[in-house]
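Student: coords please:
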Amino acid sequence: MRQQQTDGGARKAVFAPVDSGARVNAVVRRIGDAIDLGLLADGEQLPGETELAGQLGVSTVTLREALMALRQQGLVVTRRGRGGGSFVSSPEVPDRERLTERLRGWSPEELRDLGDHWAALSGTAAHLAAQRTEDHDLD
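Tutor: Below you'll find the model as predicted:
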């Protein structure tokens, strides 16, 4: 299970209005990306359809189509009745096809930046681990 991020600004961006073109795909991508990035935690309930549609600036029909696509991808489950609604169903490993498709849209510069970012994070993590290691950790 992914840990919910506490960054309110990033979470607000998930539910900000989407642009007018290809609204269903934009909603699917926005919510799917938020799930992949851990901004929406596994099991977290999404806002109600009317509220979520309003936050995203789309009609409830558009939102329902997007939720159907997210259900088909296994990213959302919807329960009916009392205590029902749409809930995040975060896969342990993101779908390879979705991630591959997402990366195909990136420019060489964006991919290079991603590599630089990854190198900086992993290098810093290794440095911190080495600094915080005690003798009994090495055993």
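
Student: so how far is R11 from the residue sitting nearest the centre point of the chain?
Tutor: Geometric centre of the chain, nearest residue: A34, 1.9 Å, by C-alpha atoms, centre = their mean. Between A34 and R11 the distance, using C-beta to C-beta, to the nearest Å, works out to 8 Å. Just so you know, the C-beta spots here come from the backbone N, C-alpha and C atoms, and that holds for glycine as well.

Student: do the same with E109
Tutor: Using C-beta to C-beta, E109 is found at 27 Å from R11.

Student: now swap in L121 and tell me
Tutor: Taken as C-beta to C-beta, the span from L121 to R11 is 21 Å.

Student: which residues are contacting the longest helix anywhere in the chain?
Tutor: Secondary structure of the chain read by DSSP state H shows that its longest helix is helix 108-132. Here helix 108-132 makes contact (C-beta atoms under 8 Å, 6 or more residues apart in numbering) with L103, W106.

Student: ok, R29 - how many residues close by?
Tutor: 18 (other C-beta atoms under 10 Å).
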